[in-house]
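S.K.: Take a look and give me a structure for this.
(one chain, ligands or ions: 1)
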Amino acid sequence: TELSNMMSVNVNEIISTCMSLGMMVTMNQRLDGETLQIVAEEFGYEVEFVDQEVTEAVTMEEDNPEDLKPRSPIVTVMGHVDHGKTSLLDYIRRTNVIAGEAGGITQHIGAYHVTLESGQTITFLDTPGHEAFTAMRARGAQVTDVAIIVVAADDAVMPQTKEAISHAQAAGVPIVFAINKVDREASNPEKIKEQLAGMNLLVEDWGGKIQSQDVSAKKGTGVQEILEKVLLEAEMLDLKANPERNAQGTIVEAMLDKGRGYVTTILVQNGTLKIGDYVLAGQYSGKVRALLDERGHRIDEAGPSTPAAMLGLDGAPQAGDTFVVMDDEREAKQIAQKRQQLAREQSARSQKNLTLEEIGRRLAVGDFKELNIILKGDVDGSIEALSDSLQRLTTEEIQVNIIHKAVGQISESDVLLASASDAIIVGFQVRPSPTARKLAEKEDIDIRLYSIIYDAIDEIKSAMEGMLSAEI
Ligand code: GDP
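M.R.: Model (predicted):
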């Protein structure tokens with residue numbers, strides 16, 4: 001099936017070709033290298049083998065359950081502009097809330113962790129906003145365990161609040177609401193909770209399951225409490241990792257420092273990173289020369305959920321790239337070089353994400369179960385109408401999910417969400433912004449623009465039936 005996808009050839013044709021070559025195969029069988037080559041050539045293709053670890057993250061063996069230890073949660077703060085994301089992160093960083101450790105966190109390395117009086121720790125990603133969150137996800141990194149979504153109580157649930165909610169939900173990350181600026185006269189937390197309820201998001205005070213906390217990022221009111229709620233949420237996730245193995249994790253930030261060379265902030269997700277380890281990170285590699293914590297102190301190792309700035313890579317990987325420790329320095333270097341080569345080749349002929357035709361084709365071969373759609377339109381009424389009709393296209397074989405819908409132009413953040421969630425974007429009476437259009441071209445995201453509801457439904461329906469021809 002995979003081969004037929006790659007070559008845009010019907011599975012049955014491949015099977016009959018194999019049979020004509022004297023091989024009995026079934027649809028789901030994996031063909032060995034030699035067979036693949038022969039079959040592909042029959043259809044006029046040439047096969048080039050790429051080691052899986054070059055294209056994907058190097059996979060490590062599973063942990064034994066008894067080696068797993070609890071790890072602290074990793075949190076991203078999201079919400080509408082000016083609602084107080086940065087203030088909240090700063091307050092937590094500055095005051096070190098909690099365990100009363102002397103001195104706040106001085107270094108800005110892109111992530112930091114704090115210890116509560118109970119001894120529990122929480123790690124924060126220090127780049128607020130759902131764009132950063134989803135950009136990492138689009139690169140394959142699922143780092144965040146819990147999302148804090150900030151809503152200013154003297155304002156309202158705003159477009160980016162809704163975006164943040166959709167992005168967290170699309171990632172399957174639980175949300176804790178921070179209803180902020182409660183120190184202000186004009187603030188009305190109940191109004192915010194009511195608006196959330198109107199979106200089917202019932203917070204606890206309203207009889208629901210979603211946690212929320214009134215806070216003032218300026219005065220610090222409620223900050224301790226919201227951190228405890230984050231921990232409660234984390235407890236339910238039962239987060240675990242094995243500290244006794246080679247480290248793997250995600251790149252948070254990377255930069256070139258004049259004196260120190262490449263400084264890469266990493267977040268360890270499993271294992272423990274130690275000085276002297278050989279690291280493969282995205283397209284780069286190197287031996288860990290030094291590790292620094294968010295206070296600028298040298299540390300010898302970084303365990304699960306611990307952020308650290310690492311020195312020693314031979315380049316700057318991208319935020320969201322994964323890293324892994326390898327036993328063999330030469331192997332790490334070779335894979336990194338192959339990745340660089342592959343990236344150069346692919347930038348010439350990029351093909352990554354889904355187009356509607358691609359979805360139609362994959363449906364035809366039957367290995368596609370969900371169609372994710374981001375819906376943007378000019379007025380609420382038509383978005384609701386279109387959203388309802390599209391969801392009703394759901395059949396037994398394929399589920400239509402509207403993962404985000406909103407009034408307004410198609411934005412960069414929509415394109416990022418589409419890329420991270422394998423979605424297409426449907427615009428009704430709206431167009432993409434120039435930057436969104438550029439990003440969509442780069443990421444190969446399908447944007448479909450309609451001005452007639454019926455056309456939209458019709459075209460997506462035929463794609464779902466797997467009948468859309470390739471040249472529409
Ligand atoms: P961001 O865009 O979401 O990161 O928002 P900022 O953290 O930059 O905050 C926007 C503005 O709101 C700034 O002027 C902050 O000083 C102010 N602000 C943030 N939190 C509070 C709060 O709890 N109370 C009050 N009175 N002002 C706040």
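
S.K.: all contacts plus neighbour counts: C-alpha atoms, from now on.
M.R.: Fine.

S.K.: Quick check: the gap between residue 214 and the ligand.
M.R.: Computed with Cα to the nearest ligand atom, to the nearest Å, the distance linking residue 214 and the ligand is 10 Å.

S.K.: what's the answer for residue 410, then?
M.R.: On the measure of Cα to the nearest ligand atom, residue 410 and the ligand end up 21 Å apart.

S.K.: can you check residue 158 too?
M.R.: As judged by Cα to the nearest ligand atom, residue 158 and the ligand stand 12 Å apart.

S.K.: One more: residue 78?
M.R.: Separation of residue 78 from the ligand (Cα to the nearest ligand atom) stands at 8 Å.

S.K.: Residue ranges in the stretch 101-250 of the chain under the pLDDT threshold?
M.R.: 101-104, 106 (pLDDT under 70).

S.K.: So which residues of it form helices?
M.R.: With helices called from DSSP state H, counting those that start in this stretch, the stretch 101-250 of the chain shows them at 130-138, 159-171, 189-198, 223-237.

S.K.: In TSV, list the ones you listed along with mean neighbour count and distance to residue 326.
M.R.: Formatted as TSV, the helices of the stretch 101-250 of the chain follow (neighbours: other Cα atoms under 10 Å; distance: least, Cα to Cα, whole Å):
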stretch	mean neighbour count	distance to residue 326
helix 130-138	23	23
helix 159-171	21	29
helix 189-198	17	47
helix 223-237	17	29
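
S.K.: Give me the contacts around the helix or strand containing residue 256.
M.R.: Using DSSP states H and E, residue 256 sits in strand 248-257. Here strand 248-257 makes contact (Cα atoms under 8 Å, 6 or more residues apart in numbering) with 109-111, 141, 143, 262-273, 281, 316-325.

S.K.: What pairs with that strand, parallel or antiparallel?
M.R.: Sheet pairing for strand 248-257, assigned by DSSP bridges, gives strand 261-270 (antiparallel), strand 322-326 (antiparallel).

S.K.: sorry, back to before: mind giving me the ChimeraX select for the contacts of strand 248-257, buried ones only?
M.R.: To isolate the buried ones among these in ChimeraX, judged by 16 or more other Cα atoms under 10 Å, type:
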select :109,110,111,141,143,262,263,264,265,266,267,268,269,270,271,272,273,281,316,317,318,319,320,321,322,323,324,325
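
S.K.: quick one on the thing from earlier: I'd like to know which of the helices of the stretch 101-250 of the chain is closest to residue 329.
M.R.: helix 130-138 (26.5 Å; Cα to Cα).

S.K.: picking up where we left off before, how far out from the middle of the chain is the strand holding residue 256?
M.R.: Counting by Cα atoms, centre = their mean, to the nearest Å, strand 248-257 is centred 16 Å from the centre of its parent chain.

S.K.: Kindly report the same for stretch 313-327.
M.R.: Worked out by Cα atoms, centre = their mean, stretch 313-327 lies 17 Å from the chain centre.

S.K.: first to last residue in it, what's the distance?
M.R.: 16 Å (Cα to Cα, to the nearest Å).

S.K.: Just the mean pLDDT for it, thanks.
M.R.: The average pLDDT within stretch 313-327 is 91.

S.K.: who touches that stretch?
M.R.: 57-58, 135-141, 246-256, 262-264, 273, 277-288, 332.

S.K.: same question, stretch 392-407
M.R.: Residues from elsewhere that reach stretch 392-407 (Cα under 8 Å, 6+ apart): 159, 163, 166-167, 170, 368-380, 383, 387, 390-391, 461, 464.

S.K.: ok, 6 Å please
M.R.: Stretch 392-407 is contacted by residues 166, 369-379, 391 when judged by Cα atoms under 6 Å, 6 or more residues apart in numbering.

S.K.: Next: stretch 221-241.
M.R.: Contacts for stretch 221-241 (Cα under 6 Å, 6+ apart): 68-71, 73, 213, 215, 270.

S.K.: Pull out the buried residues from those.
M.R.: 68, 71, 73, 213, 215, 270.

S.K.: what's the most distant pair in these?
M.R.: Top of the distance list for these (Cα to Cα): 68 and 215, 34.5 Å.

S.K.: Tell me the residue of the stretch 201-350 of the chain that sits nearest the ligand?
M.R.: For the stretch 201-350 of the chain and the ligand, the shortest gap (Cα to the nearest ligand atom) falls at residue 216, measuring 3.4 Å.

S.K.: what about the residue lying closest to that residue once chain neighbours are set aside, neighbour count?
M.R.: Leaving aside its sequence neighbours, residue 216 sits nearest to residue 181 (Cα to Cα, 6 or more residues apart in numbering; 4.7 Å). Per other Cα atoms under 10 Å, the neighbour tally for residue 181 reads 27.

S.K.: Help me confirm that residue 181 comes into contact with residue 218.
M.R.: No: with contact defined as Cα atoms under 6 Å, residue 181 does not reach residue 218; the gap is 7.4 Å.

S.K.: that older thread, quick one: the residue of the stretch 201-350 of the chain closest to the ligand from residue 255, how far?
M.R.: As judged by Cα to Cα, residue 216 and residue 255 stand 33 Å apart.

S.K.: Looking from the ligand, tell me which residue of the stretch 351-472 of the chain is nearest.
M.R.: residue 413 (15.8 Å).

S.K.: The helix or strand containing that residue vs helix 130-138, what angle?
M.R.: Counting by DSSP H and E, the element that carries residue 413 is helix 412-421. Going by axes from the mean of the first three to the mean of the last three Cα atoms, to 10 degrees, helix 412-421 is angled at 30 degrees with respect to helix 130-138.

S.K.: helices or strands up against helix 412-421?
M.R.: Under the contact definition 3 or more Cα pairs under 6 Å, 6 or more residues apart in numbering; DSSP states H and E, helix 412-421 sits against helix 130-138.

S.K.: Against residue 268, how distant is residue 340?
M.R.: 23 Å.

S.K.: do the same with residue 379
M.R.: For residue 379, the distance to residue 268 - Cα to Cα - is 44 Å.

S.K.: cool, residue 328 as well?
M.R.: 20 Å.
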